[in-house]
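Chemist: sequence and predicted model, in that order:
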Amino acid sequence: MADSKEPKSSKKIIMEILERIRSRNQEVDGDAIPSSDDINKRLLGDMGISKDDTNKYLNMLVESHYIFSFKIVEGNENLKEKPIFGYVVAEHAMVIKIKENLKRSIEIIYEGQNYKRKPAGEVIKEVLSQGRHNNTPLGKAVNASIMLQQYENLLVESAEDYTEAWKIGQLNDLLNIHEEGASPAATDAPSDSSQTEAAPEPDSAVSVDVDLGDYGFPGEDGSSQSVSVSPPPAEASQRAVDLPGAAELQDMDLTGSWGQAVQKFGVEFLLRIHFRKYEFDTVINLVKTKRIAKEKDIRYIRDTMRKLDDRMRSDPLLIKHKAKIDSLKRLTQVRLNEIFMANKK
């Protein structure tokens, strides 16, 4: 008799991934933080989901504040090495437990390498000052410890954004956005590119997590990787406005894989992914080239940059991007002023 068991819904798959991450996080011995370079093989291998779907579901868990995702290994563009991300359940007790275990690991690793003992805090300062332990057990432990300290503060300062009600509501919204297109659980077409794998070729299914070249911007060698496709119908990509001047300002360039991604996922969803990954250069280029031009989307970018300004004290990585955040604020404000003046004519 054929197996009549119903396929799991996207939400059930996401919740199972969450519980597996939680189970790994609770381990005392070994690596308690699953990472992007091996999560499919070591933690989710028996679930039968692709790397692209795994990354899509992980993105949803991050966006809905069920888990934290952070770099444990910085990428190296010169060596063509991609960053490695770690995943921890966004719960106060879990973050504290892992952070304390990491401190002990830092002290043990340091003593084994240097034959002398030092408190974890001193080791962290030493490692940061040297800057040469990136892809080593000590470097990974230090990076994770620093980020978990910041997330511990965030869970206290922004507790209202980490309640179960907030998480459920956000996850349901994200699932609704995805399932307006193809159901992630029912298709093999990739939605997000892997954080550890190359993005798909331009003639394959469009990826959410793509590099500048995949949106048709010139690469470092000046080449362009865009594909030529017809833009979506006007009624799907441009809302009506009363005045021709305002309409012209908000006319978006929807050719290439960017247009495909917008049609499938919407501008705001794509922006949230880029902001989570600190890809402010990508967004600046999207605005400058009119890939993003609608007033509501420009306003969303401007307002998000203002919020990120307020979050800099709880997310030290944002400080590195302050100049780009300020640039985006200025650029979007100029665009909004232009639209405002066009509507007054």
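Modeler: Okay, I see it. Numbering: from 1, shown residues only.
Chemist: in this structure, what spans have low per-residue confidence?
Modeler: Confidence mapping of the chain against pLDDT under 70 gives the ranges 1-7, 29-30, 178-246, 313-314, 316, 344-345.
Chemist: just the helices in it please.
Modeler: Secondary structure of the chain by DSSP state H: the helices cover 10-25, 51-63, 92-114, 120-130, 137-157, 164-179, 234-237, 244-249, 256-265, 267-276, 280-288, 295-311, 316-319, 322-344.
Chemist: now render these as a markdown table, adding mean neighbour count.
Modeler: Just so you know, the C-beta spots here come from the backbone N, C-alpha and C atoms, and that holds for glycine as well. What follows is these, written out as a markdown table (neighbours: other C-beta atoms under 10 Å):
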| stretch | mean neighbour count |
| --- | --- |
| helix 10-25 | 18 |
| helix 51-63 | 23 |
| helix 92-114 | 17 |
| helix 120-130 | 15 |
| helix 137-157 | 20 |
| helix 164-179 | 15 |
| helix 234-237 | 11 |
| helix 244-249 | 15 |
| helix 256-265 | 22 |
| helix 267-276 | 18 |
| helix 280-288 | 19 |
| helix 295-311 | 16 |
| helix 316-319 | 13 |
| helix 322-344 | 15 |
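Chemist: TSV for those, including distance to Leu43?
Modeler: Putting the helices of the chain into TSV (distance: least, C-beta to C-beta, whole Å) gives the following:
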stretch	distance to Leu43
helix 10-25	5
helix 51-63	9
helix 92-114	16
helix 120-130	27
helix 137-157	17
helix 164-179	20
helix 234-237	38
helix 244-249	48
helix 256-265	26
helix 267-276	21
helix 280-288	29
helix 295-311	30
helix 316-319	25
helix 322-344	34
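Chemist: out of those, nearest to Phe70?
Modeler: Shortest separation from Phe70 across these is recorded for helix 137-157, at 4.2 Å, computed as C-beta to C-beta.
Chemist: could you give the angle of the closest one to helix 295-311?
Modeler: 100 degrees (axes from the mean of the first three to the mean of the last three C-alpha atoms, to 10 degrees).
Chemist: so what touches helix 137-157?
Modeler: With C-beta atoms under 8 Å, 6 or more residues apart in numbering as the contact definition, helix 137-157 has outside contacts at 33, 68, 70-74, 86, 88, 90-92, 95-96, 98-99, 102-103, 105-106, 109-110, 113, 120, 123-124, 127-128, 133, 162, 314-316.
Chemist: the closest residue to His92 other than its chain neighbours and Glu74: what is the separation?
Modeler: Spatial nearest neighbour of His92, excluding adjacent residues (C-beta to C-beta, 6 or more residues apart in numbering): Leu155 at 4.8 Å. Applying C-beta to C-beta, to the nearest Å, one obtains 24 Å for the distance of Leu155 from Glu74.
Chemist: swap in Leu154?
Modeler: Distance, Leu154 to Glu74, using C-beta to C-beta: 21 Å.
Chemist: over to Leu61?
Modeler: 23 Å.
Chemist: Lys82 is nearest to which of the helices of the chain?
Modeler: Closest approach to Lys82 among the helices of the chain is made by helix 51-63 (12.2 Å; C-beta to C-beta).
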